[in-house]
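Q: Only the shape, not the letters, is given here:
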């Protein structure tokens, strides 16, 4: 209990108690009564971070499927991750159908024992869509206890007489998708092309910097320096 006037405060250590109005925490330490409005919030954030995890059920061709996929799907499982954050338990599933021409990236959240779809990314190529090996990233960039999702995939550029490859990076952040797209040429007669959603400018600086650095890593790994022109 919080000591009344005339009563001795607690000794030796401290105790925290949520106030009647739910807005403050009383902290008693070494015979001093201290009110700390942010104590409970900080404690909850630390607890949420301690419980966060990402587990690969299937990571492209590097991690085979471990156990059953707990949702219905069509086609081939490209990647699947289970992860937990402050918003609950989630599943990210990437699949391809019709010989890889249709690509779906779907996020589910566990609600009352069943996985419910949160959001979905769809794409199509008349040839094939492929996940870029080991580039999917589920990470809490801004440290708010909620994971952001980054996926990268590629498909043959269509409508270009010189061929080439189209690369896409998609960031999912706070129920919105942000994209970077690039055409990687196969011919000296062709030109590279890079576009970035204008909505990227609305992102917090830390997120924008992280995503741009990750894109630049892809460009270096693919030995495609023409794609490596995003400013930090």
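A: That came in fine, so what should we check first? In this text the structure is predicted, and so the values were computed from the model without any measurement.

Q: Show me the shaky parts of the protein.
A: 1-50, 60-64, 225-232 (pLDDT under 70).

Q: go with 50
A: Per-residue confidence of the chain (counting by pLDDT under 50) places the weak regions at 1-5, 9-36, 40-41, 43, 45, 232.

Q: can you map out the strands along it?
A: Here the chain has its strands, by DSSP state E, at 14-18, 25-29, 32-35, 53-59, 76-85, 88-97, 102-111, 114-124, 130-131, 137-139, 148-156, 165-173, 176-184, 193-196.

Q: between those, which gets nearest to residue 204?
A: Shortest distance between residue 204 and the strands of the chain, using C-beta to C-beta, is found for strand 165-173: 9.0 Å. Every residue, glycine included, has its C-beta placed from N, CA and C.

Q: Not counting its own residues, what contacts the closest one?
A: For strand 165-173, contacts defined as C-beta atoms under 8 Å, 6 or more residues apart in numbering pick out 105, 107, 119, 121, 123, 132, 148-157, 177-184, 186, 203, 207, 211, 214-215, 218, 222, 227.

Q: now swap in stretch 68-76 and tell me
A: 57, 77, 80, 91, 93, 95-98, 100, 102, 104, 106, 108, 115.

Q: For residue 122, name its beta-bridge partners.
A: residue 104 (DSSP bridges).

Q: Burial check on residue 176, number of neighbours?
A: By the criterion of other C-beta atoms under 10 Å, residue 176 has 12 neighbours.

Q: Please spell out the PyMOL selection for the buried subset of the contacts of strand 165-173.
A: Listed next is the PyMOL selection for buried residues among the contacts of strand 165-173, using 16 or more other C-beta atoms under 10 Å:
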select buried, resi 105+107+121+123+132+148+149+150+151+152+153+154+155+156+157+178+180+182+183+184+203+207+211+214+215+218+222+227
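
Q: What remains of the contacts of stretch 68-76 if I keep only buried residues?
A: For the contacts of stretch 68-76, buried by 16+ other C-beta under 10 Å: 57, 80, 91, 93, 95-96, 100, 102, 104, 106, 108, 115.
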